[in-house]
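> Give me a model of this one.
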Amino acid sequence: MSTQRYSVTPHPIETLLTWVKSGEIAIPEIQRPFVWEATKVRNLLDSLYQGYPVGYLIAWRNPTVKLKDGTSSAGKRILIDGQQRVTALMACLLGREVLTKDYETVRIRIAFHPQDERFEVANPAIKKDPAWISDVAAVFSPDASLTELTDDYAERNPNADRKLVSRILEKLRKIINNHVGVIELAEDLDIETVTEIFIRVNSAGKELSQADFAMSKIAVNESYGGNLLRKAIDYFCHLAVAPEFFSAIEKGDKQFAASDFLQQMKWLKDVNDDLYDPTYTDMLRVAFTSEFGRGKLQDLVALLSGRNFETKQYEDAIAEESFVKLKKGIQAFINKTHFDRFTMILRSAGFITNDLIYGRNAVNFAYILYLKGRSQGIPADDIERLVRRWYAMSVLTGRYTGSPETAFDLDIRQIESRGLQSYASSVLENELPETFWTGMLPQLMDTSSALSPYFLCYKAAQAKLGDKGFLSRDITVRDLLLNRCDVHHFYPRNLLKKQGLTRGRYNQIANYVIAQSEINIAIGDKPPQSIAEALQIQCTGGAKKYGGITDLAELQANCSVNCIPDAFLAGQDLNYDEFLEQRRKLMALRIKNWITTL
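All right, here's what the predicted structure looks like:
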C-alpha cells in the first residue's frame, strides 16, 4: 500500500502574501530568477480579477535546506513550484522589487482602468492619463482607503460614475481573497525526490536541466562548502555581465565576502569585456569535464551525492572528494590568468568580438583543452596553437551542436587515455582533410545566414590574416569588425530583387563582402560590371570613386584577399550563380589558409 506524500489545502492570496512578507514562504536554490515578462504579470492579475484558476503551488514543509539569503529553512514553507506566480504577486501587489535574469533590480508596475476594468503594463502615456490607476500596488497598500481612492479617481475623472468606480475598486481589492491550492509535500522527502517532483510538474514548461539539478545539489550542501561554491558560480556569471555588482556583493553578503572566492574574482569588477560571458551551465561543464574527465553533468550530480559507480552505493567520502575537485575546477575557471589568456587565444585566432563567437559549447570545450594543457605543463605556445585550431575545427564541423554532452564525454575520455596532444592532432587531421576544403565546405557555404559558422569563420580569417576591407587601401577587416562595419552585397540586393530573386537567394553569404560604409554607399545599386569599369579608370589616372586604391596590382591583391573571382576585374560577365559558386570555393580556401596559420 502506497503512502501519500502530500496534502492539498486552499489558501487565500492574502495569506500567501502574509507568508511572503513574514518570510514563512521561502525560495530554495533549485528555483530560478524572475523570468516573466511584465505582460505575463498583467495576465495573472486579470485572471484573478475574472475569477479564473491560476494553478497550484507546491510547497515543501520543514526540510533542512539552504536558502538564497544564507539562512536555514527550518519552520518555513519552501516553494518548489509557483515561484514566478508568487513573485509576480509580490511585485505588483506589494510593490516589491525583483531581480531579473539579467541581474537587474526592477519594479513591475501594473496599471488598472476602473471604467474599462482592464489591466495594462504601466508606461509613460498611461501614467499621464487620469483614467488609469498607474500602479495597482497603491490599491493594495495597508494604508489605502477605498473612499479616498474613489474620491481621488472621481476628482481626476469628473465624468466617471463614482458608485461604479467604488464597486469596481472594491472588486479589485477582493482578489486577495481568491483561493490558491497549495500542495504541501511531506517533510521527510530528500532533495533528489523534491527536485524530481519539480521536474515532473514542470514537464509542460521548461524542465530543470542537469545543470539546474547540479546547482541545487551544490547549494544544499553546507558540510563541504557547497553553499559558498554555488554563490561563487552565480556571482561570477553576474559580474561577467554587470561588473558594477561587485560592491553589492561586498556589502550585502558578508559571509561570501570573507571567503577566498570574492578575492579570486575581484578582477572582474574592472572588466567590461563581453567576448565570453559564461552562464552557470558553462562554468559547471568546463570545471566538471576538465577536473573529472567526464562529459555528462548527470555524472556530476551522482558524484556530488557520493555515488560509487562500481558498487552503485553512496559514500560520504566520494561526495567530499567530489566537492573538493569541483571547487578546484571552479577556481581554475575563474582564475584571472586562465580566463584572460583563454580569451586572448580566441582573439588571436581572429574571433575579436562577441558577434563572431559561435556555439557556446565549442567555446567551453576549447577552455577545457586550455585548462587540461596548462595542468599538464604543455608549453604555452603549443597550448595556444592547439586551442585555436580545435575551436576553429569544432565551429566549422559543428562538433558540439547536436549532442554536446555525448561529444564532450567522448573527447575527454579519449584525451585521458590517448593524451591531449596526440588525440587532438589525429582529430584535426581526420576532421579537416583536403576534401573538406574543396568539396564539403563550399557546399556548406550555400546559405543565407549571416550568423552561419562558415561566414563567422571567414570574417575571423580575414581579421587574423590582416586583410583590407573590400576596395579599402588602408582600413583592415579587423578595424571594420571592431567598429561594426557594413556588409555589402557584391551583387546589389535591389538589382537581384528586380530579377525576382528571393531573400534567401540575394542574401547568400558568398554575396557578402566586408566594406567601409562610405564605399558601400558609393557603390549603391550599381552592377559589378559598372564598378569594375570605374575601378579600371580609377587605377589608370582617373577620378577616385570607390575607395582610395589607385594601383592596378594593389586592386587585384585587394580583390584576391576578398575572394572576388578574377572574372570581375577582367570584365567578364559572370551570371550570379556562377559568381556564387566560384566565390564559395575561394572563401573556403581563404579559411583553409587561415587554419594553417593558427
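> So Gly55 versus Leu239, what's the distance?
Here Gly55 is placed at a distance of 35 Å from Leu239 (C-beta to C-beta, to the nearest Å). To be clear about C-beta, it is placed using only N, CA and C from the backbone, and glycine gets the same treatment.
> what about the two, which has more around it?
Taking other C-beta atoms under 10 Å, Gly55 and Leu239 do not tie; Leu239 has more neighbours (23 against 13).
> Verify the contact between Ile352 and Asn483 for me.
No: Ile352 is beyond contact range of Asn483, at 11.1 Å (criterion: C-beta atoms under 8 Å).
> what separates Val241 from Asn272, distance-wise?
When Val241 is compared with Asn272 (using C-beta to C-beta), they lie 10 Å apart.
> Ok, Gly466 next?
26 Å.
> And these two? Which one has more around it.
With neighbours defined as other C-beta under 10 Å, Gly466 and Asn272 compare such that Gly466 has more, 11 against 7.
> Just the pLDDT at the more buried one, thanks.
In this model, Gly466 is scored at 97, pLDDT.
> Find me whatever residue is spatially closest to it, sequence neighbours aside.
Nearest in space to Gly466, with sequence neighbours left out and distances taken as C-beta to C-beta, 6 or more residues apart in numbering, is Thr476 at 6.1 Å.
> which regions of the chain sit below the pLDDT cut-off?
1-4, 26-33, 61-76, 101-104, 188-192, 194-196, 198-209, 220 (pLDDT under 70).
> So the residue of it most remote from its centre, which state does it fall into?
Distance from the C-alpha centroid of the chain, by C-alpha atoms, centre = their mean, peaks at Gly541 (52.3 Å). Of the three states, Gly541 takes coil under DSSP: H, G, I helix; E, B strand; the rest coil.
> what's the spacing between it and Leu552?
Note on Gly541: its distance to Leu552, by C-beta to C-beta, is 11 Å.
> show me what contacts the nearest residue to Gln443 once chain neighbours are set aside?
In space, Gln443 comes closest to Arg584 once its chain neighbours are excluded; the distance is 8.0 Å by C-beta to C-beta, 6+ apart. Residues in contact with Arg584 (C-beta atoms under 8 Å, 6 or more residues apart in numbering) are 442-443, 445-446, 510.
> Secondary structure element holding Arg584?
Assessed by DSSP states H and E, Arg584 sits inside helix 576-597.
> Report the contact partners of Trp267.
Lys336.
> returning to that earlier point: so among the contacts of Arg584, which ones count as buried?
Among these, the ones that count as buried by 16 or more other C-beta atoms under 10 Å are 442, 445, 510.
> Give me the subset of these that lies in strands.
Nothing among the buried ones among the contacts of Arg584 maps onto strands, per DSSP state E.
> May I see these arranged in TSV, with distance to Trp19 as well?
Shown next, in TSV, are the buried ones among the contacts of Arg584 (distance: C-beta to C-beta, whole Å):
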residue	distance to Trp19
Pro442	63
Met445	58
Ala510	61
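> Which of these fall within helices?
Of the buried ones among the contacts of Arg584, the ones assigned to helices by DSSP state H are Pro442.
> which residues of the stretch 201-350 of the chain fall in helices?
Using DSSP state H, counting those that start in this stretch, the helices of the stretch 201-350 of the chain run over residues 210-219, 226-241, 246-252, 254-257, 260-264, 280-292, 297-304, 316-334, 336-348.
> so can I have TSV of those showing distance to Asn575?
Output for those, formatted as TSV (distance: least, C-beta to C-beta, whole Å):
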stretch	distance to Asn575
helix 210-219	50
helix 226-241	48
helix 246-252	58
helix 254-257	65
helix 260-264	60
helix 280-292	46
helix 297-304	51
helix 316-334	52
helix 336-348	39
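> quick one, phi/psi of Asp446?
phi -80, psi 70 (degrees, to the nearest 10).
> How about it: what's its closest non-neighbour residue?
Of all residues not flanking Asp446 in the chain, Arg584 sits nearest, at 6.8 Å (C-beta to C-beta, 6+ apart).
> now swap in Gly306 and tell me
Closest residue in space to Gly306, ignoring its immediate chain neighbours: Ala319 at 3.5 Å, by C-beta to C-beta, 6+ apart.
> coming back round to it: distance check, the residue nearest to Asp446 against Pro10.
Distance from Arg584 to Pro10, by C-beta to C-beta: 65 Å.
> got the contact list for stretch 285-296?
Against stretch 285-296 from outside (C-beta under 8 Å, 6+ apart): 210-211, 278, 297, 299-300, 303, 322, 325-326, 328-330, 332-333, 361, 364-365, 367-368, 371-372, 375, 405-413, 415-416.
> Only whichever of these are buried, select them in ChimeraX.
Buried residues among the contacts of stretch 285-296 (16+ other C-beta under 10 Å), as a ChimeraX selection:
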select :210,211,278,297,299,300,303,322,325,326,329,330,332,333,361,364,365,367,368,371,372,405,407,408,409,411,412,415
